[in-house]
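Chemist: mind folding the following:
(2 chains)
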Amino acid sequence: DAMVIQNPRYQVTQFGKPVTLSCSQTLNHNVMYWYQQKSSQAPKLLFHYYDKDFNNEADTPDNFQSRRPNTSFCFLDIRSPGLGDAAMYLCATSPMGGRAADTQYFGPGTRLTVL
Amino acid sequence: DQQVKQNSPSLSVQEGRISILNCDYTNSMFDYFLWYKKYPAEGPTFLISISSIKDKNEDGRFTVFLNKSAKHLSLHIVPSQPGDSAVYFCAASVNDYKLSFGAGTTVTVRA
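Modeler: Okay, the predicted model is just below:
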């Protein structure tokens, strides 16, 4: 089945130690998103790729970076994780063209713990 | 600034009865509204949507109502089934690829 895969599902890192979360998709979708969801809060868009074009949300901290080496893969790099970065990180994809809002496919998320 | 709000973090309903989930928004530019459903250990999945030019959209047991003047939408599930127990997210967009989400409502359907 076509899907969005996130690895690892659980990630523990130390305060200030860089960490990378990965997302891969078999849907061949052009658009990929990264969301941050803290406990009992709404998922918050960090950035998205429209094909190779990177779009950063204005309030996304500089500590968060992303790479998309090809259509299938997208990475979220947190350069110096703080305790406030502990959250669920959701990756999503959607096809280009038409209305993307109702065609976002989400991965299961990576839960990040910062010690 | 939270533009989409779900003020009820949880809802408990008996099997067979109606579940009503509510969502309020502040951005009058939103023109498309969606509900997502999320089971534990899975990502959210699209459930139902409605355009701002409509006030109702129905899909089987699920109906979404939109009241633009009140900036309010609701999701009705009739009849509620045990498999409907999940977290439901309201979301909205402004004719682009970005979604603004609410914090979610956890629905528990009691047998």
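Chemist: near chain B, which residues of chain A are found?
Modeler: On the criterion Cβ under 8 Å from any Cβ of the partner chain, chain B has as its neighbours in chain A the residues A:4, A:31, A:33, A:35, A:40-45, A:48, A:50, A:90, A:92, A:94, A:99-109. C-beta here means a position set from N, CA and C on the backbone, and glycine is covered the same way.
Chemist: give me the buried positions along the strand or helix carrying residue A:49.
Modeler: When elements are assigned from DSSP states H and E, residue A:49 belongs to strand A:44-50. If you call a residue buried by 16 or more other Cβ atoms under 10 Å in any protein chain shown, then strand A:44-50 has these buried ones: A:44, A:45, A:46, A:47, A:48, A:49.
Chemist: can you check stretch B:83-93 too?
Modeler: Neighbour-count burial for stretch B:83-93, counted by 16+ other Cβ under 10 Å, picks out B:84, B:85, B:86, B:87, B:88, B:89, B:90, B:91, B:92, B:93.
Chemist: pLDDT on it, on average?
Modeler: Here the mean pLDDT over stretch B:83-93 is 96, rounded to a whole number.
Chemist: send the alpha carbons of that stretch over as CSV?
Modeler: The C-alpha trace of stretch B:83-93 is given here as CSV (Å, rounded to 0.1, in the frame of the first residue of the first chain):
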residue,chain,number,x,y,z
GLY,B,83,-14.9,2.4,16.0
ASP,B,84,-15.6,6.1,16.0
SER,B,85,-13.6,6.4,19.2
ALA,B,86,-10.7,8.6,18.2
VAL,B,87,-9.3,12.1,18.2
TYR,B,88,-11.0,14.4,15.7
PHE,B,89,-9.2,17.5,14.4
CYS,B,90,-10.9,20.4,12.8
ALA,B,91,-8.8,22.2,10.1
ALA,B,92,-9.2,25.1,7.8
SER,B,93,-7.4,26.6,4.8
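Chemist: and it, anywhere near chain A?
Modeler: Yes. For stretch B:83-93 and chain A, the contact criterion (Cβ under 8 Å from any Cβ) is met by B:89, B:91, B:93.
Chemist: need those residues in TSV with secondary structure, can you?
Modeler: What follows is the residues of stretch B:83-93 next to chain A, written out as TSV (DSSP: H, G, I helix; E, B strand; the rest coil):
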residue	secondary structure
B:89	strand
B:91	strand
B:93	strand
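Chemist: of those, closest to chain A?
Modeler: Distance ranking of the residues of stretch B:83-93 next to chain A against chain A, using Cβ to the nearest Cβ, places residue B:93 first at 3.9 Å.
Chemist: quick one: that closest one and residue B:101 touch, right?
Modeler: No. Taking contact to mean Cβ atoms under 8 Å, the distance of 10.3 Å between residue B:93 and residue B:101 leaves them out of contact.
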